[in-house]
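J.: Next input, structure requested:
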Amino acid sequence: MPDMSHEDHFRSLGNRVIAGIDEAGRGPLAGPVCAAAVVLPRDFTICGLDDSKKVSATRRDALYEQLTCNENIYWTAEIVDASEIDKLNILVATHRAMALAAQQLQQKWGSEIDLYLIDGLSVSSFPFAQHSIVKGDSKSLSIAAASIIAKVTRDRIMLQYAEEFPQYGFQNHMGYGTKQHLTALANHGPCRIHRTSFQPVSQLTLPFD
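T.: Here you go, the predicted model:
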């Protein structure tokens with residue numbers, strides 16, 4: 001389970017305020033990529049907080065409410081939509097979402113955040129001090145909190161799109177390339193939230209809805 005050992009280590013080196021960053025939605029064929037940035041209180045504890053991929057949807061929603069309704073937790077979530085993903089590529093778009101989340105968190109915090117702990121590899125052109133942690137969402141409590149907020153934020157956006165585009169069943173797969181989604185793509189072609197630079201969307205010749 002993630003804990004605060006990474007945060008405590010970097011505080012011991014003089015970093016007073018530390019945030020965690022994670023993303024959700026790099027792999028889907030449709031919808032935005034979302035990144036969240038979170039500052040937790042030093043003595044923060046919460047039961048069951050873990051990498052969002054290891055937590056059920058019901059538990060993620062409960063954790064999201066606990067995190068976002070706590071006035072002692074500072075957080076932001078930012079998205080980059082499908083059209084921009086197609087222009088930039090998914091890696092650059094993910095990095096942009098992370099940078100946007102960090103910038104918004106700086107404004108909400110009201111002063112300099114000393115260090116961002118980022119899940120995965122280092123983020124190019126990141127505007128603030130960073131330290132990357134591979135599988136950080138299962139090691140750092142701050143990153144795990146960011147993973148929950150990013151995942152729930154994106155899922156709720158996809159549920160809204162499911163109402164606008166019911167033929168794709170987004171509520172069931174959140175834009176990932178499941179059999180149901182691929183069948184819907186074959187039958188209906190892509191809609192405006194599909195990532196046209198992603199296969200198999202890019203291979204389709206049907207007109208957009």
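J.: from here on, contacts and neighbour counts on C-alpha atoms
T.: Will do.
J.: Does Ile79 touch Ala35 like I think?
T.: Yes. With contact defined as C-alpha atoms under 8 Å, Ile79 counts as touching Ala35 (6.4 Å).
J.: quick one: which of these two has more around it?
T.: Counted by other C-alpha atoms under 10 Å, Ile79 and Ala35 do not tie: Ala35 has more neighbours, with 31 against 25.
J.: Give me the pLDDT value at the more buried one.
T.: pLDDT, Ala35: 98.
J.: What is the burial count for the residue lying closest to it once chain neighbours are set aside?
T.: Spatial nearest neighbour of Ala35, excluding adjacent residues (C-alpha to C-alpha, 6 or more residues apart in numbering): Glu23 at 4.1 Å. For Glu23, the neighbour count with other C-alpha under 10 Å is 29.
J.: Under the pLDDT cut-off, which ranges of this protein? List them.
T.: 205-209 (pLDDT under 70).
J.: circling back: tell me, what's touching Ile79 and Ala35 both at once?
T.: Ala97 (C-alpha atoms under 8 Å, 6 or more residues apart in numbering).
J.: How far away from the center of its chain is stretch 37-53?
T.: 15 Å (C-alpha atoms, centre = their mean, to the nearest Å).
J.: Check stretch 62-70 too.
T.: Worked out by C-alpha atoms, centre = their mean, stretch 62-70 lies 16 Å from the chain centre.
J.: Buried residues, that stretch. List them.
T.: Buried positions in stretch 62-70, judged by neighbour count with 16 or more other C-alpha atoms under 10 Å: Leu63, Tyr64, Leu67, Thr68.
J.: Just flag the most distant two among these.
T.: Using C-alpha to C-alpha, the buried residues of stretch 62-70 span at most 8.5 Å, a distance reached by Leu63 and Thr68.
J.: follow-up on the earlier one: assumed the residue nearest to Ala35 was part of a strand.
T.: Yes. Membership of Glu23 in a strand is supported by DSSP: H, G, I helix; E, B strand; the rest coil.
J.: thought it was touching Lys151?
T.: Yes. The criterion here is C-alpha under 8 Å, and Glu23 meets it with Lys151 at 7.4 Å.
J.: Now for the two: what residues contact both?
T.: Taking C-alpha under 8 Å, 6+ apart as the criterion, Glu23 and Lys151 both touch Cys34.
J.: ok now the top helix by length along the chain, how far from the chain's centre?
T.: For the chain, the helix with the greatest residue count under DSSP state H is helix 141-164. Its chain's C-alpha centre and that of helix 141-164 lie 7 Å apart, by C-alpha atoms, centre = their mean.
J.: Buried residues, that helix. List them.
T.: Those would be 141-155, 157-159, 161-162, for helix 141-164 by 16+ other C-alpha under 10 Å.
J.: Check which helices and strands it is in contact with.
T.: Applying 3 or more C-alpha pairs under 8 Å, 6 or more residues apart in numbering; DSSP states H and E, we find helix 141-164 packed against strand 18-24, strand 33-39, helix 57-68, strand 74-80, strand 115-119, helix 170-173.
J.: so can I have JSON lines of these showing distance to Gln103?
T.: Shown next, in JSON lines, are those (distance: least, C-alpha to C-alpha, whole Å):
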{"stretch": "strand 18-24", "distance to Gln103": "12"}
{"stretch": "strand 33-39", "distance to Gln103": "9"}
{"stretch": "helix 57-68", "distance to Gln103": "18"}
{"stretch": "strand 74-80", "distance to Gln103": "9"}
{"stretch": "strand 115-119", "distance to Gln103": "11"}
{"stretch": "helix 170-173", "distance to Gln103": "30"}
